[in-house]
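> sequence-free structure coming up:
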């Protein structure tokens, strides 16, 4: 069992930056692919970014490439999402997720296994 706790959300003005953190429990964190997803009000949850077990491969939603960066610290069981040049349309609840697969290519096919409760990001115009 893996527990995920997100933090770092809040209110920011357009053009600003935030860094989200996801702290994971469990000794197998370093073998898991990790991902960030978001759900805007009234919309479906969507993929944001993902990273394989070692951090050597990363994946992004096309519309977010260049503004968002995912990275991980396996020594501290934490995955991060650095968000820059934020826009009002980035407003959403951001969720961290983990997969027992080591690479997101497989995780994206079979689905993520564990989810956090989310952290709210609000970008004002």
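That came through fine. This one's a predicted model, so the numbers in the text were calculated from it and none came from an experiment.

> For the closest residue to residue 122 other than its chain neighbours, grab the count of nearby residues.
Closest residue to residue 122 apart from its sequence neighbours, by CB to CB, 6 or more residues apart in numbering: residue 11 at 4.7 Å. Every residue, glycine included, has its C-beta placed from N, CA and C. Neighbours of residue 11 under the rule other CB atoms under 10 Å: 12.

> What distance do you get for residue 11 to residue 120?
Here residue 11 is placed at a distance of 9 Å from residue 120 (CB to CB, to the nearest Å).

> one step back: correct me if wrong: the residue nearest to residue 122 contacts residue 124.
Yes - Residue 11 is in contact with residue 124 according to CB atoms under 8 Å; the separation is 6.5 Å.

> any idea whether the one residue sitting closest to the centre of the chain is helix, strand or coil?
By CA atoms, centre = their mean, the chain has its centre lying nearest to residue 36, at 2.2 Å. Here residue 36 is recorded as strand under DSSP: H, G, I helix; E, B strand; the rest coil.

> in the sheet, who's paired with it?
Going by DSSP bridges, residue 36 is paired in beta bridges with residue 49, residue 96.

> Let me know whether it touches residue 94 as I believe.
Yes - in this structure, residue 36 is within contact of residue 94 by CB under 8 Å, at 6.1 Å.

> Pull up the overlap in contacts between the two.
20, 48, 81 (CB atoms under 8 Å, 6 or more residues apart in numbering).

> Of the residues you listed, which is the most crowded?
Ranking these using other CB under 10 Å puts residue 81 first, with 27 neighbours.

> That one - nearest residue in space that isn't next to it in sequence?
That would be residue 20: by CB to CB, 6+ apart, it lies 4.3 Å from residue 81.

> do you know how far that neighbour is from residue 27?
Taking CB to CB, one finds residue 20 at 23 Å from residue 27.

> which secondary structure elements does the helix or strand of the chain with the lowest mean pLDDT contact?
Within the chain, no helix or strand scores below helix 104-110, which has a mean of 87 by mean pLDDT, DSSP states H and E. When contacts are defined as 3 or more CB pairs under 8 Å, 6 or more residues apart in numbering; DSSP states H and E, helix 104-110 packs onto strand 33-39, strand 45-51, strand 92-99.

> No further questions, thank you.
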